[in-house]
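S.K.: Quick check, what structure comes out for this input:
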Amino acid sequence: MLSLLKRAAARWLPASVYEYLRRLWRYGRSIRNSWRRRAEEKGKQTYRRLEIGPGEKRIDGFETLSILPGPHVDHVVDATKSLPFEDDTFDLIYASHVLEHVSWYQLEAVLTEWIRILKTDGWFEVWVPDGVRICKAFVDAEMNGDCYIEKDGWYRFNDEKDPCKWASGRIFSYGDGTGRPDSPNWHRAVFSRRYLKQLLEAVGLDEVQEMDHSQVRGHDHGWINLGMKGRKRRLDQKL
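M.R.: Residues are numbered from 1 along each chain as shown. Below is the predicted model:
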């Protein structure tokens, strides 16, 4: 149909008018294509994912935020402070074995700031050490003689594989390995399933549910891993 109209216009319209309309049509087409490209680019840019506390390798498609600079760190920021992003910036936020480094009495305040930059209906995914599993394994080894910490297989600074040293390392971590008290690598909080779910709901997440190991995006911490996710509540659903 378009080619037929073009032939008719070329035949019946004066050459100057036809040329003017042809250029106008081409200009309109270029503007339309430009708008389409901008819309496509905007659509790509608006879907953003953030990993807080990345590992040694970047997870594909994620921006990264860490207190320590590194080759795969996009935003060097203390995640316990105010974050340099507007409200509702990210569609998904992922934090694996970071939250235990936050002081236990600051957890709700820090999580509230993380959720502030999550879009409504966006998902927050978090992994932490399973404090109940660690403590139960410690008590079973010490009180009942039933030592099964080899299920974890983590023996940093513990060549003798002593269950008390293992529990200390899993609960408190080891800092930077020199005993420096201000290292960000110390653990400052312990989690159970009940408490982690309670925290996520308190900061505005719905549909809070436990994750399994198939949902780990980066490094899998194995036997001690406890993961949960939740969706940011809509304003009209907030209590």
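S.K.: quick one: which helix or strand includes the spatially most central residue of the chain?
M.R.: Closest residue to the average C-alpha location of the chain: residue 94 at 1.7 Å, with Cα atoms, centre = their mean. Here residue 94, judged by DSSP states H and E, is contained in strand 90-96.
S.K.: How about residues contacting that strand?
M.R.: For strand 90-96, contacts defined as Cβ atoms under 8 Å, 6 or more residues apart in numbering pick out 47-53, 55, 59, 62, 114-115, 117-119, 122-127, 216-219, 221. Backbone N, C-alpha and C define where each C-beta goes, glycine included.
S.K.: Quick check: ChimeraX command selecting the buried ones in those.
M.R.: Restricted to buried positions by 16 or more other Cβ atoms under 10 Å, the ChimeraX selection for the contacts of strand 90-96 reads:
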select :48,49,50,51,52,53,55,59,62,114,115,117,118,119,122,123,124,125,126,127,216,217,218,221
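S.K.: Any stretches of this protein with poor pLDDT?
M.R.: In the prediction, the chain carries residues with pLDDT under 70 at positions 1-13, 16-18, 20-22, 24-25, 27-45, 236-239.
S.K.: buried residues in the host helix or strand of residue 135?
M.R.: For residue 135, the element it lies in under DSSP H and E is helix 131-144. By neighbour count with 16+ other Cβ under 10 Å, helix 131-144 contains the buried residues 131, 133, 134, 137, 138, 141.
S.K.: and which of those residues is nearest residue 235?
M.R.: Within the buried residues of helix 131-144, distances to residue 235 taken as Cβ to Cβ reach their minimum at residue 131, with 33.2 Å.
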